[in-house]
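>>> only geometry, no sequence info:
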């Protein structure tokens, strides 16, 4: 689903490639330095970027992220069965080591989610497609992701309208999977297939795929700002890692 | 002129799995620069024919295709859709479904980028095309924030930017307000003599003066091909009306009975069934769609909501239905907060309303919601389908119907709910004259039976034929609320509403010298063209 919204923040001005590279560097750094203190570096960086970009993130996205983080941390915490006992409810034992592991892993997942949200909310899917095409990927494949992003809000609206229509007609949305399939998913699927076909027709009837390459009127080229941001991020990680290590 | 642009010979087509051929031996040819208007009732094969002209059939939509199609010497079936874009551009019926890009200018530029048109020239063409359709001010807007009408203009701009030799238009003005539709054809008329245009259009009055040829298809068979004037020499007007096609109103004048007669007027004004007071609404993170709108709608009457594209008509209907909640102000339906379960609301896209595997089951579901038992619901569903001329589709999936049939079915689904308030968003767009007449008469019938009917529409004939009351929205504000005669007496107000009175009504006013008499005569012609009683 596309979370992108228009804006002029620092992150909006960066090319998609820069944001992908930064996210990959961050993940690699967290793998190499898995301790909580290093992961806090990323949480601080992501939070600072979040404040700068001020993305409009729907509450359901936050709720989903929180559920993943807490669930992941909790499961890992209770899986540890040795060390100093922190909590004993008989059927459930939590150890200090488990809690530490749970918090560390939850923090890592949170950092990755934050970086991903920042990239998704500030990257125009079209720019992403152009960037991928610029890397030498056939533009027809690069635009496949773009079209998926394009379809997402339309499909969501279709679903909302189907649900409203059912409400107007007082047709109960039961949890019985077969009824649900017949009543909601079948018409939604039919609409999605129709939309996909029409979109493909619309693209091809506008010469998509007629030539081996295409022009890009709004080119996406990394500029000085991208290189400066990348350098600053790397410097932040190196200095932070050194200070925390030595 | 002089070069052959399009040649279709003995064209037959049957959809994959289809029971019968949709096109049955279609033949016609056009010279470069000629304009062709394709006429025919709903389901006659008009859109199918258009889709064969740039290869969408059979490249995307498979089926059994026989015969020959040549567009500037190319065979679309062999050349493929993408290659055909060099010579032919198409605008499909559903503008929303064909949007590709996120912003307006990216959308128009998409085809030009694909054809490697140099950037400077491409951006110049984008600007020209947007200016031509009146969207130049929205160049950097996100496409999702546009109204349906604006999206349709955008689709047109995308086609125009290609500067095609053949422009294929499938109901290009269906979502446009009347003034914009007129303006569109004025803009398009600049292409006369240069660009070959093939258009399917229900609002024939707007395009009639520009076309060189007319192709009338009925049940997949060519009934007439030739110049527009010849159509009425070869085929009688009563027969044309019977087939259900739209014909230019001014030419149909001879069929109009001048004595107004009686049509059964609305009941005396009662207290408002619907009341919206100082209602404002802003879409989350978006524009303010309505600002302090106050309106009422009375029981037993048809209230039409008019206004230019993007003026807030659909938003107002959704607030009246309780689908959206106002930011400020309030809405009362029979003195209570509006709730979707209490109203019947016909959406703009009928496909959102289908839930069952067959047409019959879908109607029966509505009847069951209205309190009928299983067996009775199915029996009544079948008789309702007969009433709406849809009985032959009873066992088919609702999604298999034509656009016009889908709209008719969506009205039937809501009428079967038997609610006191019926709200409808563009109930007649895409319908042929026969189906549109059925819908209009049904709405009148529902109102006269004591229902409160509120309709948002761009169809000028529908407003003139069925409305008892008119509400005009402009830029999210209600600028008029009053009787239809009062509305039609104010040219300035009609301009504000982007409304142009139907040509026949204007002619009748000139002839009869009285708007009320002319209106009654006009209603009789539209609702009962065969002369049957009200």
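Happy to help now that I have it. Since we're looking at a predicted model, the values are computed, not measured.
>>> So which residue is smack in the middle of chain A?
The centre of chain A sits closest to residue A:116, judged by Cα atoms, centre = their mean, with a distance of 4.1 Å.
>>> Just give the nearest non-adjacent residue to that residue, would you?
Spatial nearest neighbour of residue A:116, excluding adjacent residues (Cβ to Cβ, 6 or more residues apart in numbering or on different chains): residue A:23 at 6.7 Å. Using the backbone N, CA and C atoms, a C-beta is placed for each residue, glycine as well.
>>> Pretty sure the one you found sits against residue A:117.
No - using Cβ atoms under 8 Å, residue A:23 makes no contact with residue A:117, being 10.5 Å away.
>>> Between the two, tell me which one has more neighbours.
Neighbour comparison, residue A:23 and residue A:117: the larger count goes to residue A:117, with 19 against 16 (by other Cβ atoms under 10 Å in any protein chain shown).
>>> what sits against the more buried one?
Going by Cβ atoms under 8 Å, 6 or more residues apart in numbering or on different chains, residue A:117 touches A:3, A:55, A:57, A:61, A:65.
>>> Below-threshold pLDDT in chain B: ranges please.
Low-confidence segments of chain B, defined by pLDDT under 70: B:1-2, B:253-270, B:285-286, B:529-534.
>>> which ones are touching the residue nearest the centre of it?
Geometric centre of chain B, nearest residue: residue B:429, 2.2 Å, by Cα atoms, centre = their mean. Shown in contact with residue B:429 (Cβ under 8 Å, 6+ apart): B:174-175, B:202, B:407, B:457-459.
>>> do that again at 7 Å, thanks
B:174-175, B:459 (Cβ atoms under 7 Å, 6 or more residues apart in numbering or on different chains).
>>> So residue B:290 sits against residue B:476, correct?
Yes - judged on Cβ atoms under 7 Å, residue B:290 makes contact with residue B:476 at a distance of 4.8 Å.
>>> so residue 154, which of the three states?
Because you didn't say which chain, this covers chain A. Following DSSP: H, G, I helix; E, B strand; the rest coil, we place residue A:154 in the helix state.
>>> Count residues in the vicinity of it, would you?
17.
>>> Mind naming the longest helix for chain B?
helix B:433-448 (DSSP state H).
>>> ok, and for the following helix or strand past it, which residues are buried?
For helix B:433-448, the following helix or strand on the C-terminal side (DSSP states H and E) is strand B:452-456. Residues B:452-456 are the ones in strand B:452-456 that count as buried (16 or more other Cβ atoms under 10 Å in any protein chain shown).
>>> Contacts for the helix or strand hosting residue A:37, please.
Assigned by DSSP H and E, residue A:37 falls within helix A:36-53. Outside helix A:36-53, the residues within contact range by Cβ under 7 Å, 6+ apart are A:9-11, A:26, A:30, A:103-104, A:107-108, A:110-111, A:114-115, A:118, A:122, A:236-237, A:240-241, A:244.
>>> do that again at 8 Å, thanks
Helix A:36-53 has contacts (Cβ under 8 Å, 6+ apart) with A:7, A:9-12, A:26, A:29-30, A:100, A:103-104, A:107-108, A:110-111, A:114-115, A:118, A:121-122, A:233, A:236-237, A:240-241, A:244.
>>> which residues in chain A form helices?
A:10-13, A:16-32, A:36-53, A:59-79, A:96-122, A:125-134, A:139-168, A:177-180, A:186-204, A:224-245.
>>> let me redo that: the stretch 401-534 of chain B
Here the stretch 401-534 of chain B has its helices, by DSSP state H, counting those that start in this stretch, at B:403-415, B:433-448, B:460-466, B:484-488, B:491-496, B:503-512, B:515-527.
>>> starting at the chain centroid, how far to the last one?
A distance of 22 Å separates the centroid of the chain from that of helix B:515-527, by Cα atoms, centre = their mean, to the nearest Å.
>>> Mind giving me the packing neighbours of it?
Packing partners of helix B:515-527 (3 or more Cβ pairs under 8 Å, 6 or more residues apart in numbering or on different chains; DSSP states H and E): helix B:433-448, helix B:460-466, helix B:484-488, helix B:503-512.
>>> so the spatially closest residue to residue B:149 that is not a sequence neighbour is in which element?
Counting by Cβ to Cβ, 6+ apart, the nearest residue to residue B:149 once its immediate chain neighbours are dropped is residue B:309, at 2.8 Å. Assigned by DSSP H and E, residue B:309 falls within no helix or strand.
>>> Likewise for residue B:277?
With DSSP H and E as the test, residue B:277 turns up in strand B:272-282.
>>> what about the nearest residue to residue B:219 once chain neighbours are set aside, how many residues close to it?
Among residues not flanking residue B:219 along the chain, residue B:44 sits closest, at 6.0 Å (Cβ to Cβ, 6+ apart). Using other Cβ under 10 Å, residue B:44 has 25 other residues around it.
>>> which residues touch residue B:389?
B:408, B:434-435, B:438.
>>> so where's chain A shaky on pLDDT?
Low-confidence segments of chain A (pLDDT under 70): A:1-2, A:173-176, A:179.
>>> Most distant residue from the centre of it?
Here the centre of chain A is the reference, and by Cα atoms, centre = their mean the most remote residue is residue A:90, at 38.9 Å.
>>> quick check, stretch B:95-113 touching chain A?
Yes - Stretch B:95-113 comes into contact with chain A (Cβ under 8 Å from any Cβ of the partner chain), by way of B:96-102, B:106, B:109-113.
>>> First-to-last residue distance for that stretch?
21 Å (Cα to Cα, to the nearest Å).
>>> ok, now stretch B:498-518?
Stretch B:498-518 end-to-end distance (Cα to Cα) = 21 Å.
>>> Please identify the buried residues of stretch B:122-138?
B:122-123, B:125-126, B:129-130, B:132-136, B:138.
>>> Taking those together, which two end up most distant?
Pairwise distances across these peak at 20.5 Å for B:122 and B:134 (criterion: Cβ to Cβ).
>>> Would you map out the domains in the chain?
All of this is about chain A. In terms of domains, chain A is parsed into A:10-123+A:221-245, A:129-204 (source: automatic domain parsing).
>>> other chain: chain B
With automatic domain parsing as the criterion, the domains of chain B are listed as B:1-80+B:202-247, B:344-418.
>>> Buried deepest among those, which one?
Mean neighbour count (mean count of other Cβ atoms under 10 Å in any protein chain shown) peaks for domain B:344-418 among the domains of chain B, with a mean of 20.
>>> and residue 85, what does it touch?
Since you didn't name a chain, this refers to chain A. So residue A:85 contacts A:93-96 (Cβ under 8 Å, 6+ apart).
>>> The chain in question should be chain B.
Counting by Cβ under 8 Å, 6+ apart, residue B:85 touches A:204-207, A:210, B:54, B:111, B:114-115, B:162, B:164.
>>> again, only this time at 7 Å
A:205-207, A:210, B:111, B:162.
>>> Distance-wise, check it relative to residue B:110.
11 Å (Cβ to Cβ, to the nearest Å).
>>> Equivalent analysis for residue B:340, please.
Distance of residue B:340 to residue B:110, given as Cβ to Cβ: 37 Å.
>>> Which one's more surrounded, these two?
More crowded of residue B:340 and residue B:110, by other Cβ under 10 Å: residue B:110, with 25 against 19.
>>> Give me the residues contacting the strand or helix carrying the more buried one.
Under the criterion of DSSP H and E, residue B:110 resides in helix B:104-114. The contact list for helix B:104-114 (Cβ under 7 Å, 6+ apart) reads A:126, A:206-208, A:210-211, A:214-217, B:85, B:99-101, B:122, B:125-126, B:129-130, B:135, B:138-141, B:143, B:154, B:157-158, B:161-162.
>>> follow-up on the earlier one: quick check: of the contacts of residue B:389, which has the highest neighbour count?
The most crowded member of these, judged by other Cβ under 10 Å, is residue B:408 (28 neighbours).
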